[in-house]
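>>> here is a sequence together with a model predicted from it:
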Amino acid sequence: MKKLIVAASCALAMIAGTAQAQDRNLRIAFDIPYEPFEYRDENGELTGFEVELATAMCEELNANCEFVIQAWDGMIPGLLARKFDLIMSSMSITPERAERVLFSEPYYITPGGWFGPESFNTDVTDMDAMKGKNIGVQRGTTMDTYVTENMGGVVSIKRYTTAEDMVLDLEGQRLDAVFVDYPVGEQTILNREGYKEVGESVKLGDGVGVAMRKRDTQLAEDINAALKKLKEDGTYDAIMEKYFSYDIKI
Amino acid sequence: MPDFIAEWLNTNDIFNAMTMMEYWDGMVTTVQLVFLSLVIGLVVAVPLAILRTVRNPFVSGPIWLYAYLFRGTPLLIQLYIIYYGVAQIPGIHETFWWTIFREPFYPALLAFTLNTAAYTTEIIRGAIVATPNGEIEAAKAYGMNWLLRMRRIILPNAARRAVQAYSNEVIFMLHASAIASVVTIVDLTGAARNIYSRFYAPFEAFIFVALCYMALTFMLVFVFRKLENHLLRHQRPINS
């Protein structure tokens, strides 16, 4: 009898184990709107490059995925507090972040772009000419780090929580120029009358990866495998071509 | 700087001399913003509160409306409307006003001042209205005119009644000033947010800044206790 119970519980445990592997539940966090990576379309549906990539990745992983909206400021704390399991919200891989979270292999890379009004004719690499200019960046991004490190004492850096607030201040002429993730600038600034690219874009960092908690090493392996497969079998390219006219694959 | 603090700062990633300077600059900005808005707010609020008690609705009505609007909406919304709204006014960029409102400090100062003035107006009005009739009648019996009555009897007594409520308003204002960081002002909270986003250390950055606010609050509490002791001396029990 005892043996039977042990055997039964072993079998149960095995079933439970396999069931878990099949029905992995993942909550994925996005900060919206961040066109064209994650935003709500006219019908209020969550969509965008990363949302579609996440959906494809979940299929590949055989996981039940739930999408969570989280403001950028609380991303890493939210992940660590187990409010969600993955961040797929254009989080660039940096050594500082890698101390807190575990990153997958990068799944895209975009440059930072300089945008400003038509009247802005200063060379952004000329530190003398840039002196005292008001430059907008999004707080805590790789663009923020770049401007802070390279032009910290020269320009006056204004840090914003959201890209909208920054664009609003660019329109209101409080900012001379902004240094922002290229696709975001293309979507929110370049399509306005009277604005242009004002400098050579700069490739920054190691690209964007899926962030998860440090202990989820098995999950990281699975995600890397899934992303690799998507990149190779053409799914990735199909999604990318839907949203971008240029290559962001890494 | 004592050696052990310098030593500790040198071995600490987050609290090094550079971030301490950022916190200090933030503290200076916060104190400037709060102090200026409170002083201007009080100076504006006293005459408004007096006019608010006037019977004529054409005088008291607009002041009632102003206080109602600014007490009825969140300070954050007022700040957004003033900061972003001003920049949208057509043609403002060519006027000299723009040199003032271009900097985030002045729109924030304006929003904070209007907000605190609205609350202070109501606090002082309440204190004026609560003046016992006997005091006013006695003053009239002495032949004092309205101005003299206001100056000698009503306002000094109203100040005694208002000081406790006003000390709360001052402390609330200090704490409300934390929202200045949403319009790119690097105040105490702004410094904490910058440092947090650089090191991804929310607890260290925000707990430290909370302690800074607490220290400022305790200083305010101390000042107001002294002021209350001075103003309310006549109410103290004889033996203390």
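Alright, I've got the coordinates. Residues are numbered from 1 along each chain as shown, chains lettered A, B, ... in the order given.

>>> now do the residue in chain B sticking out farthest from the centre against residue A:150, distance only.
Relative to the C-alpha centroid of chain B, counting by Cα atoms, centre = their mean, residue B:141 is the outermost residue, at 38.7 Å. Counting by Cβ to Cβ, to the nearest Å, the separation of residue B:141 from residue A:150 is 77 Å. C-beta: built from backbone N, CA, C; applies to glycine.

>>> could you do residue A:59 as well?
For residue A:59, the distance to residue A:150 - Cβ to Cβ - is 42 Å.

>>> now name the helix or strand holding the closest residue to residue A:60 other than its chain neighbours.
Using Cβ to Cβ, 6 or more residues apart in numbering or on different chains and skipping residues adjacent in sequence, the residue nearest residue A:60 is residue A:226, 3.9 Å away. According to DSSP states H and E, residue A:226 maps onto helix A:217-232.

>>> now the helix or strand just after that helix: mean pLDDT?
The C-terminal neighbour of helix A:217-232 among helices and strands, as given by DSSP H and E, is helix A:235-243. Computed over helix A:235-243, the mean pLDDT rounds to 92.

>>> and helix A:235-243, what does it pack against?
Packed against helix A:235-243, as judged by 3 or more Cβ pairs under 8 Å, 6 or more residues apart in numbering or on different chains; DSSP states H and E, are the following elements: helix A:49-61.

>>> rounded mean pLDDT for the following helix or strand past the helix it packs on, please.
Where DSSP H and E defines the elements, the next helix or strand beyond helix A:49-61 is strand A:63-69. The pLDDT scores in strand A:63-69 average 93.

>>> residues of strand A:63-69 that come out buried?
For strand A:63-69, the neighbour count (16 or more other Cβ atoms under 10 Å in any protein chain shown) marks A:63, A:65, A:67 as buried.

>>> want to throw those residues into CSV with distance to residue B:23?
Converted to CSV, the buried residues of strand A:63-69 look like this (distance: Cβ to Cβ, whole Å):
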residue, distance to residue B:23
A:63, 43
A:65, 41
A:67, 37
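
>>> closest to chain B among those residues?
Set against chain B, the nearest of the buried residues of strand A:63-69 by Cβ to the nearest Cβ is residue A:67 (23.1 Å).

>>> get me the contact residues on chain A for chain B.
With Cβ under 8 Å from any Cβ of the partner chain as the criterion, chain A comes near chain B at residues A:73, A:76-77, A:96-97, A:99-100, A:139-140, A:144-145, A:158-161, A:165, A:168-169, A:171-174.

>>> for PyMOL, what selects the buried ones among those residues?
Command for PyMOL that selects the buried part of these, burial taken from 16+ other Cβ under 10 Å:
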select buried, chain A and resi 73+76+77+97+100+139+140+144+145+158+159+160+161+165+168+169+171+172+174
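
>>> where do the helices of chain A begin and end?
A:2-22, A:49-61, A:75-80, A:95-98, A:127-130, A:142-151, A:163-171, A:182-188, A:217-232, A:235-243 (DSSP state H).

>>> ok now the lowest-mean-pLDDT helix or strand in chain B, how far from the chain's centre?
In chain B, no helix or strand scores lower on mean pLDDT, DSSP states H and E than helix B:3-10, which sits at a mean of 74. Relative to the centre of its chain, helix B:3-10 is centred 35 Å away, using Cα atoms, centre = their mean, to the nearest Å.

>>> over to stretch A:141-150?
Centroid separation for stretch A:141-150 versus its chain: 16 Å, with Cα atoms, centre = their mean.

>>> give the buried residues for it.
Residues of stretch A:141-150 classed as buried by neighbour count (16+ other Cβ under 10 Å): A:141-148.

>>> can you put these in a markdown table and add pLDDT?
Below are the buried residues of stretch A:141-150 laid out as a markdown table (pLDDT from 0 to 100):
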| residue | pLDDT |
| --- | --- |
| A:141 | 86 |
| A:142 | 85 |
| A:143 | 90 |
| A:144 | 91 |
| A:145 | 89 |
| A:146 | 91 |
| A:147 | 93 |
| A:148 | 90 |
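
>>> can you redo those residues as TSV with distance to residue B:82?
Shown next, in TSV, are the buried residues of stretch A:141-150 (distance: Cβ to Cβ, whole Å):
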residue	distance to residue B:82
A:141	27
A:142	32
A:143	28
A:144	26
A:145	31
A:146	32
A:147	27
A:148	28
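
>>> ramachandran angles for the residue nearest the centre of chain A?
Against the mean C-alpha coordinate of chain A, by Cα atoms, centre = their mean, the closest residue is residue A:90 at 0.6 Å. Phi and psi for residue A:90, reported as degrees, to the nearest 10, are phi 60, psi 40.

>>> burial of the residue nearest to residue A:60, as a residue count?
Neighbour count of residue A:226, defined by other Cβ atoms under 10 Å in any protein chain shown: 20.

>>> do the same with residue A:176
Per other Cβ under 10 Å, the neighbour tally for residue A:176 reads 20.

>>> check the offset of the longest strand seen in chain A from the chain's centre.
In chain A, assigned by DSSP state E, the strand with the most residues is strand A:195-203. Here the centre of strand A:195-203 is set off from its chain's centre by 20 Å, with Cα atoms, centre = their mean.

>>> perfect, that will be all.
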